[in-house]
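> Please work out how this folds:
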Amino acid sequence: MITHQEREKITLAFSTRGRKKDVEVKFGGDDIRFLEKLKQMRYSDHTIRVYTTYFGDFQLHFAGRNLKMISAEDINAYLLYLIEKKHISFCQQNQRINAIKFYYEKVLGQERRYYKVHRAKREKTLPDVLSKEEIKSFLAVASVDIRFYCMYSILYSAGLRINELLSLKPDDIDVSRSLIHVRQGKGKKDRYTLLSKPLVGKLSEYRERYNPETWLFERETGVQFSESIVSKKLKEIALEAGITKRVYPHLFRHSFATHLIEQGTDLKIVQELLGHNNIKTTEVYVHIADTYKSKIKSPLDDILTEETL
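Numbers count the residues shown, from 1 in each chain. From the prediction side, this is the model:
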């Protein structure tokens with residue numbers, strides 16, 4: 001159940017084009033049912049935050065109208081407005097559609113009448129990665145603050161999603177087995193991933209100095225770091241390190257996967273470490289692993305070699 005305080009006011013912190021905003025949302029009947037259903041279905045805190053934010057935008061856009069009477073054409077027009085005027089990404093477009101569908105199908109219990117809403121097709125672009133030299137330069141700058149040094153080292157060396165990193169607890173670090181226990185990651189699945197052995201010393205030093213209690217990385221006692229703080233600091237460090245690429249937390253996960261494949265790690269192992277449901281999601285990293293490609297011999301090699309003999 002939603003607490004009295006939650007019914008009165010919920011403050012959502014989210015990032016919009018890199019700027020952190022605090023949005024006050026006052027809940028009425030639909031809002032309470034929306035939030036309660038998300039919690040009942042055990043959606044992650046991140047998904048709850050995103051869906052609630054986007055549903056609030058949807059309500060605001062159609063203020064004064066009965067949402068039960070909104071048509072698919074109305075919703076498509078709303079999405080077109082967001083694309084053309086607000087320049088939302090294809091990813092955000094799909095998240096907004098999912099939030100709208102959740103309201104009509106899960107909260108109101110209506111049939112799947114909104115599946116005809118046009119969805120953006122995912123752009124077929126390969127993710128960027130940092131080289132090992134860039135990672136080294138980045139960590140050299142980050143080392144002035146052991147908290148962020150350990151945070152970004154784990155983000156890269158374990159291939160974690162940002163919310164998985166911030167949800168780690170002290171007991172999730174298994175030094176004896178050199179593993180990190182990721183609890184309830186994407187898809188509500190537990191998994192184990194790598195703990196870098198050379199990092200253990202720094203991690204022990206960090207824990208002795210800051211003595212985290214509830215979360216492995218705490219802004220203050222019992223309070224997690226926010227994604228916006230971690231992202232902002234990451235960009236500052238990258239700038240100082242002379243990295244010109246666009247940097248964001250998930251870039252470290254892309255780099256982890258790519259470097260493992262370049263080292264010859266079996267694709268199935270990489271899939272398990274990343275927590276991917278489908279190995280096709282993991283296969284994208286094969287396309288950007290330069291060393292992996294460089295080991296493949298061109299068919300022209302044999303022809304030219306024969307001519308020189």
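
> Break down this protein into its strands, ranges please.
10-16, 19-25, 173-174, 179-182, 191-194, 218-220, 223-224 (DSSP state E).

> quick one: average pLDDT of the last one?
The one in question is strand 223-224. Mean pLDDT, computed over strand 223-224, is 90.

> now what about that strand, what contacts it?
Outside strand 223-224, the residues within contact range by CB atoms under 8 Å, 6 or more residues apart in numbering are 166, 167, 215, 217, 218. Just so you know, the C-beta spots here come from the backbone N, C-alpha and C atoms, and that holds for glycine as well.

> List the buried residues in stretch 159-175.
By neighbour count on 16 or more other CB atoms under 10 Å, the buried set for stretch 159-175 is 159, 160, 161, 162, 163, 164, 165, 166, 167, 168, 172, 173.

> domains of this protein?
Here the domain parsing of the chain from automatic domain parsing is 4-107, 132-294.

> Of these, which shows the lowest average pLDDT?
domain 4-107 (a mean of 77).

> which residue sits closest to residue 130 in space, ignoring its chain neighbours?
Counting by CB to CB, 6 or more residues apart in numbering, residue 130 lies nearest to residue 255, which is 4.6 Å off, once chain neighbours are set aside.

> burial count for the one you found?
A count of nearby residues for residue 255, using other CB atoms under 10 Å, gives 23.

> ok, now the one 3 residues further on?
When neighbours are defined as other CB under 10 Å, residue 258 has 26 of them.

> can you count the residues close to residue 154?
Residue 154, neighbours per other CB under 10 Å, totals 25.

> So which residues of the stretch 1-150 of the chain form helices?
For the stretch 1-150 of the chain, the helices defined by DSSP state H, counting those that start in this stretch occupy 4-8, 29-40, 45-61, 72-85, 90-101, 132-142, 146-157.

> With respect to residue 250, which of these lies nearest?
Smallest distance to residue 250 across the helices of the stretch 1-150 of the chain (CB to CB): 9.2 Å, for helix 146-157.

> Check which helices and strands that closest one sits against.
helix 132-142, helix 162-166, helix 200-210, helix 227-240, helix 249-262 (3 or more CB pairs under 8 Å, 6 or more residues apart in numbering; DSSP states H and E).

> who are the neighbours of the first one, in terms of helices and strands?
Which is helix 132-142. Packed next to helix 132-142, using 3+ CB pairs under 8 Å, 6+ apart, are helix 146-157, helix 227-240, helix 249-262.

> same deal with the third one?
Here helix 200-210 touches helix 146-157, going by 3+ CB pairs under 8 Å, 6+ apart.

> and the helix it packs on, how far from the chain's centre?
For helix 146-157, the separation from the chain centroid amounts to 16 Å (computed by CA atoms, centre = their mean, to the nearest Å).

> Okay, angle between it and helix 227-240 too, please.
Computed with axes from the mean of the first three to the mean of the last three CA atoms, to 10 degrees, the direction of helix 146-157 lies at 90 degrees from that of helix 227-240.

> Now do helix 146-157: everything it contacts.
For helix 146-157, the surrounding residues in contact (CB under 8 Å, 6+ apart) are 135, 138-139, 142-143, 160, 162, 165, 168, 180, 194-196, 199, 202-203, 205-206, 209-210, 217, 225, 230, 233-234, 237, 249, 252-253, 255-256.

> before we move on, what about stretch 201-218?
146-147, 149-151, 153-154, 165-170, 172-173, 221-225.

> buried ones in it?
203, 206, 212, 215, 216, 217, 218.

> what's the answer for stretch 46-60, then?
So, applying 16+ other CB under 10 Å, buried residues of stretch 46-60: 46-59.

> Same list, the residues you listed, but as CSV with distance to residue 272 please.
Listed next are the buried residues of stretch 46-60 as CSV, based on distance: CB to CB, whole Å:
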residue, distance to residue 272
46, 22
47, 23
48, 27
49, 28
50, 27
51, 29
52, 32
53, 32
54, 32
55, 34
56, 37
57, 37
58, 37
59, 41
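
> need the contact list for the residue nearest to residue 245 when sequence neighbours are not counted.
The shortest distance from residue 245 to any non-neighbouring residue, by CB to CB, 6+ apart, is to residue 128 (5.8 Å). Shown in contact with residue 128 (CB under 8 Å, 6+ apart): 245, 246, 251, 254.
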